[in-house]
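Novice: I'll drop the sequence and a predicted model, then ask my questions.
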Amino acid sequence: MVRLGLADGAVFEGRCEGPWEPREGETVFTTGSTGYPQGLTDPSYRGQILVFAFPLVGQYGVDEDALESLRPQPEAVVVSRVPETGAGRRFREWLRRAGIPLMEGVDTRALVLHLRDRGTLRGRLGDGSLPRSSRFAPDLVASASCAVPETDPGEGPLAAVLDWGVKESILRRLRERGVRVARLPWNASAREVLALRPRGVLLGNGPGDPQDLLSGPVGTVRELLGRVPLFGICLGMQVLALACGAATEKLPFGHRGVNHPVREEATGRTLLTSQNHGYGVVDASAEGAGLTVTFRHLGDGSVEGIASGAYPAWGVQFHPEAAPGPWDGAFLFDRFVASLDEEGRKGAAA
Ligand SMILES: NC(=O)CC[C@H](N)C(=O)O
């Protein structure tokens with residue numbers, strides 16, 4: 001018997017196949033019914049215990065072509081059921097090889113409702129004792145980042161990507177549009193970024209609280225504002241907002257899933273989006289920071305997109321690269337690539 005002890009004293013029971021070590025993390029849930037290989041390899045889940053609301057997980061194995069990083073990223077995975085098929089066994093084996101405990105047979109419906117009512121809680125997968133530490137390690141972003149700069153060879157406009165745990169699909173969406181990618185470690189300075197003479201900078205997704213990045217990446221992005229077009233995705237949007245002087249906050253239980261509706265404020269149209277975030281930009285802080293809210297979540301009205309009035313800089317809280325999820329937001333990559341030509345060329349000439 002394995003137990004998940006939550007910080008409020010609640011305990012959920014399940015079982016783990018094979019040996020496992022106790023793990024702690026922020027316990028979060030995703031509602032996606034498909035796309036678990038992409039979700040589990042999204043580095044934004046570092047430091048978290050991921051609960052699947054969908055009752056059956058692992059039913060189609062693990063397609064190595066569909067991964068967002070080299071390994072599954074959460075501290076532990078909690079599911080109701082993995083099927084006893086070859087695919088299900090391959091799924092279990094993949095997590096086991098990565099050393100990630102898979103807790104099965106859990107009443108995930110009750111657990112998800114509990115997290116939804118109480119808000120995200122720290123948890124400890126172990127003997128039922130409460131989690132010991134109260135916070136995530138602040139080095140989540142550093143551990144998710146590439147260690148050294150990597151620049152694509154060849155032709156094409158260059159976009160720098162600040163790697164705070166960037167999903168591979170974000171890089172793919174740029175490369176398939178003819179963009180050359182320079183992937184830079186999480187703590188690259190503005191001077192290091194600009195030395196590459198990029199036409200634009202993409203601020204990627206990543207784990208943890210954006211306010212942990214106030215002393216490094218936020219200052220870097222502040223220096224980049226107005227120098228080069230900036231496009232932020234998820235953590236990237238949060239860091240951009242902080243750099244502009246807006247505030248971020250922890251959401252009660254976050255948005256994680258593949259069918260989150262957002263409204264584009266300029267057109268009124270609705271996109272179905274892929275999401276994975278536990279923090280958000282404080283609505284009331286946007287205007288004073290010179291930011292327009294460009295997208296809103298149709299469930300809770302929270303900020304899902306921002307654009308600067310003063311600089312070529314904008315961001316979205318959802319994942320336009322999907323992986324997994326619908327492609328409704330893919331046009332945002334076209335917009336970024338168009339800005340590399342327009343704004344980036346102006347910047348390079350200046
Ligand atoms: N996907 C992301 O970039 C997540 C951003 C941040 N870690 C959050 O949970 O809000």
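Specialist: Noted; the coordinates are in hand. Numbers count the residues shown, from 1 in each chain.
Novice: per-domain residue ranges of the chain.
Specialist: 2-126, 140-349 (automatic domain parsing).
Novice: so how far is the shortest one from its chain's centroid?
Specialist: Here domain 2-126 shows a centroid-to-chain-centroid distance of 16 Å under the convention CA atoms, centre = their mean, to the nearest Å.
Novice: is the ligand contacted by it?
Specialist: Yes - against the ligand, domain 2-126 shows contacts by CB under 6 Å from any ligand atom at Ser44. From N, CA and C alone the C-beta is placed, and that goes for glycine too.
Novice: what number of residues lie near Ile306?
Specialist: Neighbour count for Ile306, taken as other CB atoms under 10 Å: 26.
Novice: list the contacts of the closest residue in space to Leu184 that isn't next to it in sequence.
Specialist: Distances taken as CB to CB, 6 or more residues apart in numbering put Pro149 closest to Leu184, at 5.1 Å, once the chain neighbours are dropped. Taking CB atoms under 8 Å, 6 or more residues apart in numbering, we find Pro149 in contact with Ala182, Arg183, Leu184, Pro185, Ala188, Glu192.
Novice: between the domains of the chain, which one is nearest to Ser133?
Specialist: Of all the domains of the chain, domain 2-126 sits nearest to Ser133, with 6.4 Å by CB to CB.
Novice: gap between the two ends of that closest one?
Specialist: Taking CA to CA, to the nearest Å as the measure, domain 2-126 stretches 6 Å from start to finish.
Novice: list the beta-bridge partners for the nearest residue to Pro198 once chain neighbours are set aside.
Specialist: With CB to CB, 6+ apart as the criterion, Pro198 has its nearest non-adjacent residue at 4.0 Å, and that residue is Ala160. Residues in a beta bridge with Ala160, per DSSP bridges, are Ala182, Val201.
Novice: could you dump the domains of the chain to JSON lines with mean pLDDT?
Specialist: What follows is these, written out as JSON lines (pLDDT from 0 to 100):
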{"stretch": "domain 2-126", "mean pLDDT": "97"}
{"stretch": "domain 140-349", "mean pLDDT": "96"}
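Novice: now render those as a markdown table, adding distance to Arg132.
Specialist: Output for the domains of the chain, formatted as a markdown table (distance: least, CB to CB, whole Å):
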| stretch | distance to Arg132 |
| --- | --- |
| domain 2-126 | 7 |
| domain 140-349 | 18 |
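Novice: near the ligand at all, stretch 165-179?
Specialist: No - using CB under 6 Å from any ligand atom, we find that stretch 165-179 stays clear of the ligand, coming within 7.4 Å at best.
Novice: what does that stretch contact?
Specialist: Residues outside stretch 165-179 that contact it (CB under 8 Å, 6+ apart): 38, 42-44, 46, 67-69, 140-141, 144-145, 152, 156-159, 161, 181, 183, 186, 202, 204-207, 233, 235, 319-323, 330, 333-334, 336-337, 340.
Novice: that older thread, look up how far the ligand lies from the residue nearest to Pro198.
Specialist: Distance of Ala160 to the ligand, given as CB to the nearest ligand atom, to the nearest Å: 18 Å.
Novice: measure that residue to Gly226 for me?
Specialist: 16 Å (CB to CB, to the nearest Å).
Novice: same check on Ala76?
Specialist: In terms of CB to CB, Ala76 sits 43 Å off from Gly226.
Novice: and if you look at Glu93?
Specialist: Applying CB to CB to Glu93 and Gly226 gives a distance of 50 Å.
Novice: again, but for Arg296
Specialist: Arg296 is 26 Å from Gly226, by CB to CB.
Novice: got it, and Val28?
Specialist: Computed as CB to CB, the Val28 to Gly226 distance reads 35 Å.
Novice: out of those two, which sits in the busier spot?
Specialist: Between Val28 and Gly226, Val28 has the larger neighbour count (other CB under 10 Å), namely 22 against 14.
Novice: check which helix or strand covers that one.
Specialist: Using DSSP states H and E, the element containing Val28 is strand 23-30.
Novice: that strand pairs with which strands?
Specialist: Paired neighbours of strand 23-30 in the sheet (DSSP bridges): strand 48-52 (parallel), strand 121-126 (antiparallel).
Novice: most packed of the ones you listed?
Specialist: strand 48-52 (a mean of 26; mean count of other CB atoms under 10 Å).
Novice: please name every helix or strand in contact with the helix or strand just after it.
Specialist: Sequence-wise, the next helix or strand downstream of strand 48-52 (DSSP H and E) is strand 76-78. With contacts defined as 3 or more CB pairs under 8 Å, 6 or more residues apart in numbering; DSSP states H and E, the packing partners of strand 76-78 are strand 23-30, strand 48-52, strand 102-103.
Novice: quick one: Gly226 and Ala307, what's the gap?
Specialist: Distance from Gly226 to Ala307, by CB to CB: 14 Å.
Novice: between the two, which contacts overlap?
Specialist: Common contact partners of Gly226 and Ala307 (CB under 8 Å, 6+ apart): Ala313.
Novice: in the helix or strand in which Leu251 is found, what's buried?
Specialist: Assessed by DSSP H and E, Leu251 sits inside strand 248-264. When neighbours are counted by 16 or more other CB atoms under 10 Å, the buried residues of strand 248-264 are found to be Thr248, Leu251, Phe253, Gly254, His255, Arg256, Gly257, Val258, His260, Val262, Arg263, Glu264.
Novice: if anything else comes up later, I'll come back, but that's it for now.
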